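> the sequence and its predicted three-dimensional model are supplied below.
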Amino acid sequence: MNGEDLIERVLREGGRLADEVEVFYARGQSVSTEIKKGIIGTAEESEAWSMAVRTVKDGRIGFSSTGDPDRWKECLDAALASGGLATPQQWGGLPKPANLTGTASSSDGNLIVAVEDAAGMVADLLSGAAEHPVEVVGGGANLARSYLMVANTSGILYGMDRTVAAVSLEAIREQSTGYEFDASPFRAEIDARSVGEQAASLAARSLGGRDIATGRYDVVLSPVAAASILGHVLLPALSGRNVKAGRSFLADKIGEQVLDERLSIYDDPFAPGLGSTVWDAEGVPTRRLIFVEQGVLGRFAYDLKTGYRYGEGSTGSAVRSGGDPPGIGMHNLFVDGPRMKEPGDERAVWVHDVVGAHTANPFSGDFSVEISNPFWMEGGDLVEPIRTAMFSGNVFEMLRDIGGLGKGTRRVGRLTIPSIRLNNQQIIGK
């Protein structure tokens, strides 16, 4: 039974037992090749299939998922049973078919999911790393292609292709390590050799770092470090669910200057990227959403469930991960604003990445993280390695008065962001 036939059967059977039924279907194939002991290791090919069913009856929402197409009836029954135990909520109905405008670019027709291609990417990683006297201790390459569908008893039946090419490499030189990665829907955008060289360069150049005294310094966060900190604090603060539950620092601040006037934050689902789509995980049409414009907070993100519960409309911001229910998320989020020629022209502490960002407090914005591969930066160049240290502060305070944004940007997952210069930040060293 193909995907559409199975979906039709679930909707038909579920429609007799519930007011509304939704099916989210995904199938895909992937290949991954690992680096072990500095050489190409094992390669693994896999196929995946999943189906998630959501039912609505008398305002009670049920959910279940399965990875076995032969168990679709059990999955539907489990969704209905869980809905019977749920608390009724305000519900305005699943979306109806819409005239989808715009285009999404998240699939590469030239991407081939094959062991040979993944192995070639690993060979390029190792070739790049060989430019420096390091030991390669991990990494690999992944190629994947998937097909997603969402359908419901209101008449929606949408489908889309997605592809992903990803590489990573970790290197070590004595006690110094370096890690780099990249991921894109488009195979041609992945320069595996450059990723390997950059990881090895970080490991090699970080050797012999000197201690830094505890104090306040200007700091330049690379796009990777900035994305890690903002992703664990700022993004949750923009979720309408957290706002309405009183778990967001930004609650009740619509129309206020909450960030530096040089900062704008927006979600563009039509931009090429890992999250590009014209419909969200519930079938709601997506649109470009401006959350912060020149530092002023304009809106929050909502999915159907949260929007109905609190009298807000969905912003087309529903996303899914694996067999989980839909939740509020971002498609292709951009941190943008006027750019400096080079944020590290004047002396500052440059931070490649951070460890422990997940421990940050998403409500208050307070964080304390270990900084990875820090260097003194001057004249735009990394001039001297620093021993690891801690970086602490408050995300919302540090973003209210930034030193500037770097000229270039980098895509880190679903976030596209430049390097950020911060003034007078607390570094805990020796």
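Yep, that arrived.
> just the buried positions in stretch 28-41, please.
Neighbour-count burial for stretch 28-41 flags 28, 30-35, 38, 40 (criterion: 16 or more other Cβ atoms under 10 Å). Every residue, glycine included, has its C-beta placed from N, CA and C.
> out of those residues, which is nearest to Leu148?
Distance to Leu148, by Cβ to Cβ, is smallest for Gly28 among these, at 8.7 Å.
> let me know the pLDDT of the closest one.
With respect to pLDDT, Gly28 scores 96.
> helix or strand for it, which one?
Secondary structure from DSSP states H and E places Gly28 in strand 20-36.
> likewise Phe181?
Short version: Phe181 belongs to strand 176-184, going by DSSP H and E.
> repeat for Gly84
Residue-wise, Gly84 maps onto helix 72-85 under DSSP H and E.
> same for the strand holding Gly28, what does it pack against?
On a contact count with 3 or more Cβ pairs under 8 Å, 6 or more residues apart in numbering; DSSP states H and E, strand 20-36 meets helix 3-17, strand 39-57, helix 115-129, strand 135-152.
> could you list every helix and strand that the first one packs against?
Helix 3-17 sits against strand 20-36, strand 39-57, helix 72-85, strand 135-152, with contacts defined as 3+ Cβ pairs under 8 Å, 6+ apart.
> beyond the second one, next helix or strand please.
Of the helices and strands lying after strand 39-57 in sequence (DSSP H and E), the nearest is strand 60-66.
> please parse the protein into its domains.
Per automatic domain parsing, the structural domains of the chain span 3-203, 209-430.
> just to revisit the earlier point, in the helix holding Gly84, what counts as buried?
Neighbour-count burial for helix 72-85 flags 72, 75-80, 82-83 (criterion: 16+ other Cβ under 10 Å).
> ditto for stretch 214-230
By 16+ other Cβ under 10 Å, the buried positions in stretch 214-230 come out as 217-230.
> tally of neighbours for Thr359?
11 (other Cβ atoms under 10 Å).
> could you shift the numbering so residue one becomes 708, and keep it that way?
All set: I'll call the first residue 708, so the last point we hit is now Thr1066.
> now do the contacts for it.
By Cβ atoms under 8 Å, 6 or more residues apart in numbering, Thr1066 lies in contact with 1074-1076.
> can you list these in JSON lines and add neighbour count?
Below are the contacts of Thr1066 laid out as JSON lines (neighbours: other Cβ atoms under 10 Å):
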{"residue": "Phe1074", "neighbour count": "23"}
{"residue": "Ser1075", "neighbour count": "16"}
{"residue": "Val1076", "neighbour count": "22"}
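> okay, the closest residue to Ser737 other than its chain neighbours: pLDDT?
Residue nearest to Ser737 in three dimensions, not counting chain neighbours: Ala851, with 3.7 Å by Cβ to Cβ, 6 or more residues apart in numbering. Model confidence at Ala851, given as pLDDT, is 98.
> keeping just the C-alphas, turn the helix or strand hosting Met1084 into PDB.
Using DSSP H and E, Met1084 sits within strand 1082-1085. The C-alpha coordinates for strand 1082-1085 follow below in PDB (Å, rounded to 0.1, in the frame of the first residue of the first chain):
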ATOM      1  CA  PHE A1082      41.800  33.400  20.700                       C
ATOM      2  CA  TRP A1083      42.800  37.000  21.100                       C
ATOM      3  CA  MET A1084      41.600  38.700  17.900                       C
ATOM      4  CA  GLU A1085      43.200  41.900  16.600                       C
END
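> name the residues that touch that strand?
Here strand 1082-1085 has contacts from 912-913, 927, 1051-1057, 1059, 1089-1093, using Cβ under 8 Å, 6+ apart.
> redo that, cut-off 7 Å
Contacts to strand 1082-1085, defined as Cβ atoms under 7 Å, 6 or more residues apart in numbering, come from residues 927, 1051, 1054-1057, 1089-1093.
> now the residues you listed in CSV, with distance to Ile1035?
Listed next are the contacts of strand 1082-1085 as CSV, based on distance: Cβ to Cβ, whole Å:
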residue, distance to Ile1035
Val927, 31
Gly1051, 35
Arg1054, 41
Ala1055, 35
Val1056, 34
Trp1057, 33
Leu1089, 38
Val1090, 43
Glu1091, 43
Pro1092, 40
Ile1093, 38
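> residue contacts, Val760?
Val760 makes contacts with 717, 721, 728, 730, 771, 782-783, 786, as judged by Cβ under 7 Å, 6+ apart.
> what does Val991 give?
By Cβ under 7 Å, 6+ apart, the contact list for Val991 reads 802, 1011, 1021, 1023, 1025.
> then Arg995?
For Arg995, the contacting residues are 973-975, 977, by Cβ under 7 Å, 6+ apart.
> give me the buried subset of the residues you listed.
Burial by neighbour count, 16+ other Cβ under 10 Å: within the contacts of Arg995 this picks out 973-975, 977.
> quick one: which of these is nearest Ile1124?
In terms of Cβ to Cβ, no member of the buried ones among the contacts of Arg995 lies closer to Ile1124 than Tyr973, at 12.1 Å.
> the closest one belongs to a strand?
Yes: if the criterion is DSSP: H, G, I helix; E, B strand; the rest coil, then Tyr973 is within a strand.
> list the beta-bridge partners for it.
Bridge pairing for Tyr973 (DSSP bridges) gives the partners Ile997, Phe1041.
> find me the pLDDT at it, would you?
With respect to pLDDT, Tyr973 scores 98.
> hmm, Phe998 and it touching each other?
Yes: when contacts are counted by Cβ atoms under 7 Å, Tyr973 is listed as touching Phe998 (6.3 Å).
> re the thing from before, burial measure for the residue nearest to Ser737, as a count.
By other Cβ under 10 Å, 19 other residues sit near Ala851.
> correct me if wrong: it contacts Arg734.
No: using Cβ under 7 Å, Ala851 is not in contact with Arg734; the gap is 11.5 Å.
> roughly how far does Glu711 sit from Ala811?
Taking Cβ to Cβ, to the nearest Å as the measure, Glu711 and Ala811 are separated by 21 Å.
> for the two, indicate the residue with more neighbours.
More crowded of Glu711 and Ala811, by other Cβ under 10 Å: Ala811, with 23 against 13.
> contacting residues around that one?
For Ala811, the contacting residues are 976-977, 983-985, by Cβ under 7 Å, 6+ apart.
> helix/strand/coil for it?
The three-state assignment at Ala811 reads coil, by three-state DSSP.
> residues touching Ala899, list them.
Contact partners of Ala899, counting by Cβ under 7 Å, 6+ apart, are 828, 831-832, 848, 874.
> now it: closest residue in space that isn't a chain neighbour?
In space, and not counting its chain neighbours, Ala899 is closest to Asp831: 3.7 Å by Cβ to Cβ, 6+ apart.
> my guess is the one you found contacts Val902. True?
No: here Asp831 does not reach Val902: they are 8.3 Å apart, not a contact under Cβ under 7 Å.
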